[in-house]
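Novice: predicted structure and sequence below. I'll ask about it afterward.
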Amino acid sequence: MRAHSLMLISTLVGALAGCRGQESKVPPIHLILNMDTQEKGKAYREDTSDVFADGRVMRAPVPGTVAIGQLGESDRLEAGLEDDGQVTLKFPDEVKVGGALPATLAARGQLRYNIYCTPCHGSDLDGKGVMTQTGYDSNPRLIIPPPSFHSTRLKNMPVGQIYVAIKNGVNGGNMPSYAAQIPLMDRWAIIAYVRQQQKAKDATVEPEGGKIMVVAAADVASVDHGSQLYEAKGCAACHTLDGNRLVGPSFKGLFGKMENTTEGETMVDMAYLHESIREPAAKIVMGYPPAMPKLPLTDIEVDSLAMFIESQK
Ligand code: HEC
Ligand code: HEC
């Protein structure tokens with residue numbers, strides 16, 4: 001009796017061990033030979049027919065294959081850029097119908113904006129989304145506030161730059177990229193909606209594009225040149241001239257004052273202004289986030305900006 005059951009167990013163990021799912025080149029025993037055991041290739045199986053030299057049944061796509069809808073034909077459409085690498089001022093032709101933006105585009109954009117942009121930029125596009133409110137610990141949830149779309153800078157911002165913001169994010173991830181969530185056409189739809197809303201509040205807004213604030217290159221630095229750069233380079237988004245605090249300290253009365261920084265007390269003189277603009281991370285003003293971007297500026301531009309700040313009494 002005992003010997004019998006031992007034998008039975010060892011037979012069972014042996015049988016189970018024999019079929020643990022290993023690959024076998026021998027077809028399973030079929031009583032009725034149907035088309036399961038015909039000569040054919042199956043993905044992930046070895047090619048036994050010698051048709052393919054590398055022995056793989058599943059073939060890789062031919063180099064250069066592009067999936068439908070993935071062909072990056074147009075820089076303006078896909079990257080928001082012109083051939084010279086500048087952000088585009090125009091909506092790409094691909095989003096237009098008969099040369100104009102269809103009304104359905106902004107309507108679609110509104111739906112997408114409400115999903116993806118309102119939490120930070122606000123349903124009124126004023127930069128006052130719920131994420132900008134203080135949290136339960138009474139700290140702001142976003143240290144750098146999102147800008148209002150009704151600010152001068154964003155009303156003038158080229159559509160390509162808004163596109164780049166959605167696709168790539170802003171300022172090293174302060175605003176993350178939404179490329180994964182928002183497909184190409186929807187990005188342009190959102191921009192059409194944004195421009196429509198900006199235009200509704202300010203008739204001078206150019207609904208089809210935007211303008212690059214060009215500051216003519218200057219041979220000598222001047223306060224006036226600095227004042228134009230202050231707007232064009234976006235300093236105004238973070239620094240006021242009237243003493244109010246935005247993301248960074250106001251420029252009002254800044255020159256000549258003693259500033260408390262992470263490197264100790266420092267006198268705000270020309271050298272300090274130059275350093276603050278060129279190397280924003282060198283000394284961080286106490287009580288402010290290290291949020292100032294390092295902008296590409298020429299020597300004359302830095303001089304002009306410093307002179308402009310000096311002039312803000
Ligand atoms: C999680 C919060 C958040 C969301 C969501 C968000 N943004 Fe932003 N956005 C920001 C912040 C913060 C900034 C400012 C970043 C900075 O200057 O450091 C910003 C800046 C921008 C700018 C200015 C870009 C520049 O070059 O200065 C544009 C344009 C913009 N956002 C568009 C959008 C659009 C369109 C959406 C929706 C698709 C969106 N944002 C969603 C937080 C957000
Ligand atoms: C995204 C917001 C932002 C932008 C844009 C920005 N800054 Fe700032 N800036 C800050 C913050 C925040 C500080 C304070 C923290 C620090 O010292 O880095 C600061 C500090 C400074 C200081 C030192 C101020 C002090 O009180 O000691 C100067 C000068 C300055 N910025 C100049 C500029 C100029 C000029 C531009 C435009 C070319 C500019 N910033 C653009 C955010 C910004």
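Specialist: Arrived safely. Numbers count the residues shown, from 1 in each chain. Ligands and ions are numbered 1, 2, ... in the order given.
Novice: all contacts plus neighbour counts: C-alpha atoms, from now on.
Specialist: Fine.
Novice: host element of Asn260?
Specialist: Using DSSP states H and E, Asn260 sits in strand 258-261.
Novice: past that strand, which element shows up next along the chain?
Specialist: For strand 258-261, the following helix or strand on the C-terminal side (DSSP H and E) is strand 264-267.
Novice: mean confidence for that next one?
Specialist: Regarding strand 264-267, the rounded mean pLDDT is 95.
Novice: is that strand up against ligand 2 anywhere?
Specialist: No: judged by C-alpha under 6 Å from any ligand atom, strand 264-267 and ligand 2 are separated, with a smallest distance of 8.5 Å.
Novice: what strands line up against that strand, and which way round?
Specialist: strand 258-261 (antiparallel) (DSSP bridges).
Novice: okay, buried residues for the strand it pairs with please.
Specialist: Across strand 258-261, burial judged by 16 or more other C-alpha atoms under 10 Å covers 259-260.
Novice: residues contacting that strand, please?
Specialist: Outside strand 258-261, the residues that touch it by C-alpha atoms under 8 Å, 6 or more residues apart in numbering are 265-268, 283-286.
Novice: just the buried residues from the residues you listed, in ChimeraX please.
Specialist: Buried residues among those (16+ other C-alpha under 10 Å), as a ChimeraX selection:
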select :266,268,283,284,285
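Novice: list the buried residues for the top helix by length along the chain?
Specialist: The residue-count maximum for a helix in the chain (DSSP state H) belongs to helix 184-201. Within helix 184-201, the residues that count as buried by 16+ other C-alpha under 10 Å are 184, 186-199.
Novice: now swap in stretch 44-52 and tell me
Specialist: Residues 46-47 are the ones in stretch 44-52 that count as buried (16+ other C-alpha under 10 Å).
Novice: cool, and stretch 68-88?
Specialist: Buried residues in stretch 68-88 (16+ other C-alpha under 10 Å): 76-82, 87-88.
Novice: format those as CSV; extra columns: pLDDT.
Specialist: Below are the buried residues of stretch 68-88 laid out as CSV (pLDDT from 0 to 100):
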residue, pLDDT
Arg76, 92
Leu77, 93
Glu78, 91
Ala79, 92
Gly80, 93
Leu81, 91
Glu82, 89
Val87, 87
Thr88, 90
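Novice: which of the residues you listed lies closest to Leu273?
Specialist: The closest of those to Leu273 turns out to be Val87 (C-alpha to C-alpha; 29.5 Å).
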